[in-house]
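> no letters, just coordinates:
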């Protein structure tokens, strides 16, 4: 394709001729209702209306997507309304202009200065030296340990089933200017560390909610923090490690919030860090995902080049030690689509989950997402094992075959960017759980259609058992499965494991308990919820569940946090968080859906983020801390 032809194609995509293109379902939702808080719709607008110029080497004067990501949402919006891109902006609704501005910037409007701890009334009176994290109960990282079992011992939980009746709200922190509470808090050394969709990181006192410091990242942060020792920085003993939605990994001084280092782990502009990193033996293992699949069907977009990976960084410096892509073959040009846009393959395999560390075997395990190109790579929808020291792939066990998926590849919205056979978007969405039954180690895997598997870590991930919590095993993704099964009802965010049992919350509603030994389902609890939310939608329990001895905590899409008896699934306690709260930092605060990060338990307290306003969830900006009433209190 000549440069002149490329310019002609790009001009047709970026100019007023775009009004003739059919809106995707995401864009139609934007045009007919209030702006969704999730970034995916904004990326869809960008790919449909802007990607033909921005990122096209033939359009030399157009900033690349990576350059646009450096701008604030206000600056991008100004360019679309009164600036050089007004001609394109005029073809969009105002909601679409807001969405694309926030998606590219990676943070909401007004986040330039809002949220700074210096402006808050609840500053802690002093900032004493941070004690050794091992000296106090903690919930560190996504899964409260290297095995991602999301289980807290009685000694660290300091909470049991008898005390549930005395649980009450101790304090609420309002995430300033946030529209979605989607970063799981962690509790370390008596402090709470949490991120926000505005990019701010906060350090709070666990007992009172007073604030020690804040730090503003380059983009929104939706993963859990990991706190650990760091060397080479005089005066700093412990660091907070995390990533943002522009694929930047960070280390901050846990005492002061000062930036120690930052590393961009992937150059593809669609890359983002959605899952928490894992920290072990001086290395930080960072999972890399992407938003490319959500709107790559736009005919002006060169689908697809983003491939999931895990990156090992030196925890002291941020220097890359190794990087392993899910698909070993790098994407290469394949064909031109009907609009003359270059297509590439193979691609996909986002890593949406925190790697699980196996010190005994010196390995890490993680699940991969669907492919974005056809045919699906053999390592898509798989569990992979890598060597900790080198990143070498030791084995891969594919759970679902034939899952090539791109959003909006249905009916009238289907373009020739779409896979030849569209898959059902099943993924391995949540962390692999490393647990033990008898003297045998097991890797427990949850999937979107509800298949639960046990793999043998000593025999290349051999399948020991496979069951479906709803009944028949879903198996591989058959041709046409996307049309036959548009709504996945199974596991999304994560399970928990205790002595011989594993538990999963389900997107379709309810929580399931299975025996690790053979996969036998012990119970399937509806969690005592009404079958429908007030707006008529089913109540889902997709949020990661969390366990303490005898009790499981599960969140609902209606905002209810429930404590469940692990022996039979009975609800022991519940609290509705979809309400207004008086926040300690005097920010207007409202709870909402608990549909992604789960509750964390440490030192007699339960903390949960309320307001997962993504993909139809109830938005909110509340971080809620529960504790028990003193004996004799009313």
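Looks like it came in fine. Because the structure is a prediction, the values reported are computed rather than measured.
> the residue lying closest to residue 441 once chain neighbours are set aside: how many residues sit nearby?
Nearest residue to residue 441, sequence neighbours excluded (C-beta to C-beta, 6 or more residues apart in numbering): residue 457, at 5.5 Å. Every C-beta, even on glycine, is put in place using the N, C-alpha and C of the backbone. By other C-beta atoms under 10 Å, 23 other residues sit near residue 457.
> and the helices in the stretch 151-300 of the chain, which stretches?
Counting by DSSP state H, counting those that start in this stretch, the stretch 151-300 of the chain has helices at residues 154-157.
> sorry, wrong one. I was asking about the chain.
Assigned by DSSP state H, the helices in the chain fall at 3-14, 25-32, 40-49, 65-68, 73-81, 86-89, 94-105, 154-157, 481-484.
> please enumerate the strands of the stretch 351-500 of the chain.
With DSSP state E, counting those that start in this stretch as the definition, the stretch 351-500 of the chain shows strands at residue ranges 356-358, 363-367, 382-387, 393-398, 433-437, 440-446, 451-456, 462-468, 495-498.
> tell me which of these lies nearest to residue 104.
Proximity to residue 104 (C-beta to C-beta) singles out strand 363-367 among those, at 28.0 Å.
> let me see the mean pLDDT of the closest one.
Per-residue pLDDT over strand 363-367 has a mean of 98.
> that strand - contacts with which helices or strands?
Helices and strands touching strand 363-367, as assessed by 3 or more C-beta pairs under 8 Å, 6 or more residues apart in numbering; DSSP states H and E, comprise strand 356-358, strand 382-387.
> may I see these arranged in TSV, with distance to residue 232 as well?
Listed next are those as TSV, based on distance: least, C-beta to C-beta, whole Å:
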stretch	distance to residue 232
strand 356-358	22
strand 382-387	25
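> now tabulate those strands in JSON lines and tack on mean neighbour count, distance to residue 197 and mean pLDDT.
Shown next, in JSON lines, are the helices and strands packed on strand 363-367 (neighbours: other C-beta atoms under 10 Å; distance: least, C-beta to C-beta, whole Å; pLDDT from 0 to 100):
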{"stretch": "strand 356-358", "mean neighbour count": "23", "distance to residue 197": "26", "mean pLDDT": "98"}
{"stretch": "strand 382-387", "mean neighbour count": "22", "distance to residue 197": "29", "mean pLDDT": "98"}
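> of those strands, which approaches residue 612 most closely?
Between residue 612 and the helices and strands packed on strand 363-367, the shortest separation by C-beta to C-beta is 23.5 Å, and it involves strand 356-358.
> quick check: residue 212 touching residue 126?
No. Applying C-beta atoms under 8 Å as the test, residue 212 and residue 126 come out as separate, 9.2 Å apart.
> which one's more surrounded, the two?
residue 212 (22 against 6).
> for the more buried one, which non-adjacent residue is closest in space?
residue 203 (4.2 Å).
> what distance do you get for the one you found to residue 245?
21 Å (C-beta to C-beta, to the nearest Å).
> equivalent analysis for residue 161, please.
From residue 161 to residue 245 the distance is 38 Å (C-beta to C-beta).
> who's more crowded, those two?
Between residue 161 and residue 245, residue 245 has the larger neighbour count (other C-beta under 10 Å), namely 26 against 16.
> the more buried one contacts residue 222, doesn't it?
Yes. Between residue 245 and residue 222 there is a contact at 6.9 Å, judged by C-beta under 8 Å.
> need the overlap of contacts for those two.
By C-beta atoms under 8 Å, 6 or more residues apart in numbering, residue 245 and residue 222 have these common neighbours: residue 274.
> can you tell me which residues contact the most centrally placed residue in the chain?
Centroid-nearest residue in the chain, with C-alpha atoms, centre = their mean: residue 274, separated by 4.0 Å. Neighbouring residues of residue 274 by C-beta under 8 Å, 6+ apart: 222-223, 245, 287, 289, 352.
> please repeat the previous calculation with a cut-off of 7 Å.
222-223, 289, 352 (C-beta atoms under 7 Å, 6 or more residues apart in numbering).
> in CSV, list those residues along with neighbour count, pLDDT and distance to residue 432.
Listed next are the contacts of residue 274 as CSV, based on neighbours: other C-beta atoms under 10 Å; pLDDT from 0 to 100; distance: C-beta to C-beta, whole Å:
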residue, neighbour count, pLDDT, distance to residue 432
222, 27, 95, 20
223, 26, 95, 17
289, 26, 98, 16
352, 22, 97, 12
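> could I get these as TSV with distance to residue 332?
Shown next, in TSV, are those (distance: C-beta to C-beta, whole Å):
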residue	distance to residue 332
222	32
223	31
289	22
352	25
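> now go through those and say which are in strands.
Of the positions in the contacts of residue 274, residue 289 sit in strands, assigned by DSSP state E.
> so which of the contacts of residue 274 comes closest to residue 263?
Using C-beta to C-beta, residue 223 comes nearest to residue 263 of the contacts of residue 274, at 15.1 Å.
> what sits closest to that closest one if chain neighbours are left out?
Leaving aside its sequence neighbours, residue 223 sits nearest to residue 276 (C-beta to C-beta, 6+ apart; 4.2 Å).
> residue 469 too?
In this structure, residue 469 finds its nearest non-sequential neighbour in residue 512, 4.2 Å apart by C-beta to C-beta, 6+ apart.
> any regions of the stretch 501-634 of the chain where pLDDT drops low?
Counting by pLDDT under 70, the stretch 501-634 of the chain has low-confidence residues at 528-537, 632-634.
> ok, the stretch 1-150 of the chain next?
The model of the stretch 1-150 of the chain has pLDDT under 70 over residues 1-44, 47-49, 51-52, 55-72, 75, 78-79, 81-87, 89, 105-108, 110-114.
> now do the stretch 201-350 of the chain
Scanning the stretch 201-350 of the chain residue by residue, none of them satisfies pLDDT under 70.
> give me that answer again for 90
Residues of the stretch 201-350 of the chain meeting the criterion pLDDT under 90: 294-296, 298-300.
> start to end distance for stretch 604-614?
For stretch 604-614, the first-to-last residue distance is 30 Å (C-alpha to C-alpha, to the nearest Å).
> what count of nearby residues applies to the closest residue in space to residue 148 that isn't next to it in sequence?
Using C-beta to C-beta, 6+ apart and skipping residues adjacent in sequence, the residue nearest residue 148 is residue 431, 3.9 Å away. Around residue 431 there are 31 other residues, counting by other C-beta under 10 Å.
> any idea how far residue 431 is from residue 347?
The spacing between residue 431 and residue 347, counted by C-beta to C-beta, is 23 Å.
> for residue 541, same thing?
Applying C-beta to C-beta, the value for residue 541 to residue 347 is 32 Å.
> pLDDT score assigned to the residue nearest to residue 148?
pLDDT recorded at residue 431 is 98.
> wait, what's in contact with it?
Listed by C-beta under 7 Å, 6+ apart, the contact set of residue 431 reads 142-143, 148, 353-354, 356, 494.
> that one and residue 396: what is the separation?
Distance of residue 431 to residue 396, given as C-beta to C-beta: 17 Å.
> with residue 304 instead?
20 Å.
> the two: which is more packed in?
Neighbour totals were compared for residue 304 and residue 396, and residue 304 leads with 26 against 18 (other C-beta under 10 Å).
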